[in-house]
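# Sequence first, predicted coordinates after that:
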Amino acid sequence: MRDGAFPVHGYAMLRLLAVDDEVPALSELAYLLRQDARVEHVATASDSRTALRDMVQMITAGERLDGVFLDIRMPGLDGIDLARLIGGFPTPPRLVFVSAYDRAIQAFELEAVDYLLKPVRPERLAEAVRRIAAAVRPPSGEEIADVIPVELGGRTKFVARQDVCYAEAHGDYVRLHTIDASYLVRMSLAALERRWGPAGFIRAHRSTLVNARHVSELRFDSGRVVLQVGDETLPVSRRHTRQVREQLVRQFRSGAPADAR
């Protein structure tokens, strides 16, 4: 954490993406954002298609993206078109439009949290960052939704966390198992555990992460501990047996994910 940096409303510091086809303007915007103590990371993209690709990769890798600072006039897919695509995400990042042209009405129709005119003044940029920070604050007592995007024959499907029964490691990939399907995504099981562990996902084996909400039974079978998850019987390694038992007991007693107490 940088000197003077601080968490925002109990949330991790902001992770942002800046998009502008004018390299000097993009560099200046990224520089100013990085000076803000509330900002942890600023990625950049010089066109909308690159930005869209990068956003999907960030989500797939388990990286959080809180806000996008978006130029409007860009060749090909312009900022308004990109904003409409972003709005289709299950949990879209907050938008701030940055433009030399006044199209604020159209921007706010797309639910942007702010609209900045070029050249951007530092004090107005700071206000836009404040608005993003306020917008991403999790509602008190509510669970934050999370999804994983998966590619299926040229289509992107968003798999909701609560629908995943368990996940298995497959080299550099993870296979997500839901009640009626499975999906292969490029990320590590360790990264998925860091992301979903606080929501009640338990490491049962070095290659298996289980959603405690879908566990119907823990039992001994031929001298080993297993979990019943839907129609699947999943082994629990000796190393993880005690932790699994304790987390399941805590969850079922409280009726909430083990780490949400």
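Looks like it came in fine.
# drop to CA atoms for contacts and neighbour counts, all remaining ones
Fine.
# can you tell me the helix or strand for residue 176?
Using DSSP states H and E, residue 176 sits in strand 173-177.
# tally of neighbours for the closest residue in space to residue 122 that isn't next to it in sequence?
Residue nearest to residue 122 in three dimensions, not counting chain neighbours: residue 32, with 7.1 Å by Cα to Cα, 6 or more residues apart in numbering. Neighbour count for residue 32, taken as other Cα atoms under 10 Å: 14.
# For the helix or strand where residue 32 lies, which outside residues touch it?
For residue 32, the element it lies in under DSSP H and E is helix 23-34. Helix 23-34 is touched from outside by 18-20, 39-44, 46, 120, 122, 125, with contacts defined as Cα atoms under 8 Å, 6 or more residues apart in numbering.
# 6 Å instead?
Residues outside helix 23-34 that contact it (Cα atoms under 6 Å, 6 or more residues apart in numbering): residue 20.
# Only alpha carbons, please: show it as PDB.
Extracted as PDB, the C-alpha positions of helix 23-34 are listed here (Å, rounded to 0.1, in the frame of the first residue of the first chain):
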ATOM      1  CA  VAL A  23      -2.000   8.400 -26.300                       C
ATOM      2  CA  PRO A  24      -1.100  11.700 -24.600                       C
ATOM      3  CA  ALA A  25      -4.500  12.100 -23.100                       C
ATOM      4  CA  LEU A  26      -4.500   8.500 -22.000                       C
ATOM      5  CA  SER A  27      -1.100   8.800 -20.400                       C
ATOM      6  CA  GLU A  28      -2.100  12.000 -18.500                       C
ATOM      7  CA  LEU A  29      -5.300  10.500 -17.300                       C
ATOM      8  CA  ALA A  30      -3.600   7.400 -16.000                       C
ATOM      9  CA  TYR A  31      -0.900   9.500 -14.300                       C
ATOM     10  CA  LEU A  32      -3.400  11.600 -12.500                       C
ATOM     11  CA  LEU A  33      -5.500   8.600 -11.400                       C
ATOM     12  CA  ARG A  34      -2.400   6.900 -10.000                       C
END
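# pLDDT on the helix or strand following that helix, on average?
Proceeding C-terminally, helix 23-34 gives way to strand 39-45 as the next helix or strand, assigned by DSSP H and E. The average pLDDT for strand 39-45 rounds to 94.
# Stretch 226-242 too?
Mean predicted confidence for stretch 226-242 is 92.
# how's this protein carved up into domains?
Per automatic domain parsing, the domain ranges recorded for the chain read 14-135, 152-260.
# Can I get those domains in a markdown table including distance to residue 146?
As requested, those are exported to a markdown table (distance: least, Cα to Cα, whole Å):
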| stretch | distance to residue 146 |
| --- | --- |
| domain 14-135 | 7 |
| domain 152-260 | 6 |
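# Double-check that residue 58 belongs to a helix.
Yes: assignment of residue 58 by DSSP: H, G, I helix; E, B strand; the rest coil places it within a helix.
# What separation do you get for it and residue 34?
Applying Cα to Cα, to the nearest Å, one obtains 19 Å for the distance of residue 58 from residue 34.
# can you check residue 219 too?
Note on residue 219: its distance to residue 34, by Cα to Cα, is 52 Å.
# now do residue 53
For residue 53 relative to residue 34 (Cα to Cα), the value is 22 Å.
# who's more crowded, these two?
Ranked by neighbour count (other Cα under 10 Å), residue 53 and residue 34 place residue 34 first, with 15 against 11.
# Which pLDDT value goes with that one?
Looking at residue 34, its pLDDT stands at 94.
# can you check residue 141 too?
Model confidence at residue 141, expressed as pLDDT, equals 43.
# can you check residue 206 too?
The predicted local distance difference test score for residue 206 is 93.
# So what's the residue count around it?
The number of residues packed near residue 206 is 14, by other Cα under 10 Å.
# Just the CA atoms of the top helix by length along the chain, as CSV, please.
In terms of residue count, the longest helix belonging to the chain (DSSP state H) is helix 238-254. Coordinates of each C-alpha in helix 238-254 appear next as CSV, following Å, rounded to 0.1, in the frame of the first residue of the first chain:
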residue,chain,number,x,y,z
ARG,A,238,-6.3,-36.0,5.4
ARG,A,239,-4.6,-32.7,5.4
HIS,A,240,-7.9,-30.8,5.0
THR,A,241,-10.2,-33.1,7.0
ARG,A,242,-10.2,-31.1,10.2
GLN,A,243,-10.6,-27.7,8.5
VAL,A,244,-13.5,-29.0,6.4
ARG,A,245,-15.3,-30.5,9.4
GLU,A,246,-14.9,-27.3,11.4
GLN,A,247,-16.0,-25.0,8.6
LEU,A,248,-19.1,-27.1,7.8
VAL,A,249,-20.1,-27.2,11.5
ARG,A,250,-19.7,-23.5,11.9
GLN,A,251,-21.7,-22.8,8.7
PHE,A,252,-24.6,-25.1,9.5
ARG,A,253,-24.8,-23.7,13.0
SER,A,254,-24.9,-20.1,11.8
